[in-house]
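>>> here's my sequence, what's the structure:
(one chain, ligands or ions: 1)
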Amino acid sequence: VRVLVLNGPNLNLLGQREPGVYGCLTLAELEARCRSYGEALGLQVECAQSNHEGVLIDHLHAWGAAHRSGQALGVVFNPGAYTHTSIALHDAIKGVEPLPVIEVHLSNVHAREPFRHHSWVAPVAAGSIIGLGVEGYLLALQALAWRAGLRTK
Ligand code: DQA
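Below you'll find the model as predicted:
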């Protein structure tokens, strides 16, 4: 079963970007961990990253269509700073319902600047996992596997 791990703006800089906040794992390492954890859950994990809001929306539309035709389980999505600004992402997720989209943030956005406390994605996400680093992505994959009734370790 196919699952998308989608990362938004600036997450291509993981490993070098504010390591005190985001850790020293690179995006490639994060994606590799998602792939191998997903494999153990019976998931085929595909990964994408974009710094462009419209490209993220295109991914959501494509995965919404795949989900409608029974070819995709859901999306694990870290929208980066677009979380706090993007009504377009909110509308896109709403527009591809019932595709389950799980919002993930590496850092605990609620313990940071007030402008990170609001999420336009949270009200339309299946759920949100915040502040648990890369493990949050793995928990989100586990949640998608559970929803699909796949056997988990
Ligand atoms: C982030 C939190 C956002 O506020 C920030 O803009 C990011 C990363 C996180 O994973 O903690 O780019 O989504």
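
>>> Leu60: neighbouring residues, count only.
22 (other C-beta atoms under 10 Å). The C-beta positions use only the backbone N, C-alpha and C, and glycine is treated the same way.

>>> same question, Pro19
Neighbour number of Pro19 under other C-beta under 10 Å is 11.

>>> same thing with Gly149?
The number of residues near Gly149, taken as other C-beta under 10 Å, comes to 7.

>>> let me know the secondary structure of it.
In the three-state summary, Gly149 is assigned as coil, counting by DSSP: H, G, I helix; E, B strand; the rest coil.

>>> residue contacts, it?
With contact set as C-beta atoms under 8 Å, 6 or more residues apart in numbering, Gly149 has no partners.

>>> angles on the backbone of it, please.
Taking degrees, to the nearest 10, you get phi 70, psi 20 for the backbone angles of Gly149.

>>> same check, this time on Tyr137
Dihedral pair for Tyr137: phi -60, psi -40, per degrees, to the nearest 10.
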